[in-house]
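[1] Coordinates for the following, if possible.
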Amino acid sequence: MQKIYVVEDDVVILEELKRLLKSNGYLPVDAPPCDLALLDINLPGSNGFEICRKLRESSDVPIIFLTARDSTEDELVGFGVGADDYIRKPYNSSILLARISRLLLRKATTQQTVRGLTLDIGNMTISFEDNSSELTKNETRILACLMKKELVTREEIIEDLWNNSLYIDENTLYVNINRLRDKLKQLNANDFIKTVRGVGYRL
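    Sure, this is the predicted structure:
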């Protein structure tokens with residue numbers, strides 16, 4: 001069952017959301033890990049923007065802001081801190097469920113498998129046989145690049161990371177590749193990343 005992390009300070013709305021999610025086959029949870037986060041913005045002692053930023057430091061799960069704040073500025077800030085969608089209250093239950101379903105479906109397509117090695121881009125993890133390991137954002141994007149093509153140049157990897165707002169140079173790429181190799185080795189996935197001298201890398 002897919003877990004929905006719900007952050008809502010209004011007890012009535014919180015219970016209403018939990019009932020809605022449960023009746024549609026989701027499991028509402030009070031903390032990560034989760035498959036999707038549903039965040040209010042106005043919270044006592046904190047706000048949804050900060051929670052979103054912290055989630056984005058370690059996870060690419062879909063995030064929806066569900067809030068009474070209806071200004072364009074707030075919506076832009078929401079997307080700026082990493083949200084995937086922004087829904088204003090009062091919400092329509094059918095529309096909310098449709099958007100949750102769409103984002104979870106997109107997340108489900110972010111898994112890639114090559115020679116038994118599975119990369120989950122959403123959760124930033126790799127698994128091989130019965131072992132798994134967490135990756136950093138850079139490592140996740142680099143491995144995703146390597147899984148797309150038979151041979152990937154260093155320039156293509158760096159450009160892909162830049163397009164995802166991850167700015168690295170060749171030295172940093174070299175360090176990240178070595179860290180990836182170490183993590184793969186710990187999973188018994190030895191010699192997966194091969195260097196093609198003067199060009200780039202291949203799996």
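[2] how much space between the spatially most central residue of the chain and G122?
    The chain has D60 as the residue nearest its centroid, 1.2 Å off, counting by C-alpha atoms, centre = their mean. Per C-beta to C-beta, to the nearest Å, D60 is found 5 Å from G122. Glycine gets a C-beta too; all of them are placed from N, C-alpha and C.
[3] V152 now?
    Plainly put, V152 is 21 Å away from G122 if you go by C-beta to C-beta.
[4] In contact with the closest residue to D35 other than its chain neighbours, which residues?
    Sequence neighbours aside, Q2 is the residue nearest to D35 in space, at 4.3 Å (criterion: C-beta to C-beta, 6 or more residues apart in numbering). Going by C-beta atoms under 8 Å, 6 or more residues apart in numbering, Q2 touches 25-27, 35-36, 104.
[5] For PyMOL, write a command that selects the buried ones of those residues.
    In PyMOL syntax, the buried subset of the contacts of Q2 is picked out as below (16 or more other C-beta atoms under 10 Å):
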select buried, resi 26+35+36+104
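[6] In helices only, show me the contacts of Q2.
    L104 (DSSP state H).
[7] among the contacts of Q2, which are in strands?
    Of the contacts of Q2, the ones assigned to strands by DSSP state E are 27, 36.
[8] nearest to V81, of the contacts of Q2?
    For these, the minimum distance to V81 (C-beta to C-beta) is 16.1 Å, reached by L36.
[9] per-residue confidence for that closest one?
    pLDDT, L36: 94.
[10] same question, T110
    Confidence score, pLDDT, at T110: 75.
[11] Wait, it touches I121, no?
    Yes. T110 is in contact with I121 according to C-beta atoms under 8 Å; the separation is 3.9 Å.
[12] For I142, see how far away V114 is.
    Taking C-beta to C-beta, one finds V114 at 14 Å from I142.
[13] Counting neighbours, go ahead and name the busier of the two.
    I142 (26 against 13; other C-beta atoms under 10 Å).
[14] how close does the more buried one sit to N178?
    I142 is 11 Å from N178, by C-beta to C-beta.
[15] Helix or strand next in line after the helix or strand containing Y174, which one?
    Per DSSP states H and E, Y174 falls inside helix 170-186. With elements assigned by DSSP H and E, the helix or strand that comes after helix 170-186 is strand 194-196.
[16] neighbour-wise, which of T110 and I121 wins?
    Per other C-beta under 10 Å, whichever of T110 and I121 has more neighbours is I121, with 19 against 14.
[17] Now do the contacts for that one.
    By C-beta under 8 Å, 6+ apart, the contact list for I121 reads 60, 110-112, 140, 144.
[18] at 10 Å instead, please
    Contacts of I121 were listed using C-beta atoms under 10 Å, 6 or more residues apart in numbering, and they are 60, 107, 109-112, 135, 137, 140-141, 143-144, 147.
[19] what's the answer for S46, then?
    So S46 contacts 7, 9, 54 (C-beta under 10 Å, 6+ apart).
[20] what comes up buried for the lowest-mean-pLDDT helix or strand in the chain?
    Within the chain, no helix or strand scores below helix 154-163, which has a mean of 84 by mean pLDDT, DSSP states H and E. Applying a neighbour-count criterion of 16+ other C-beta under 10 Å, one finds 154, 156-158, 160-161 buried in helix 154-163.
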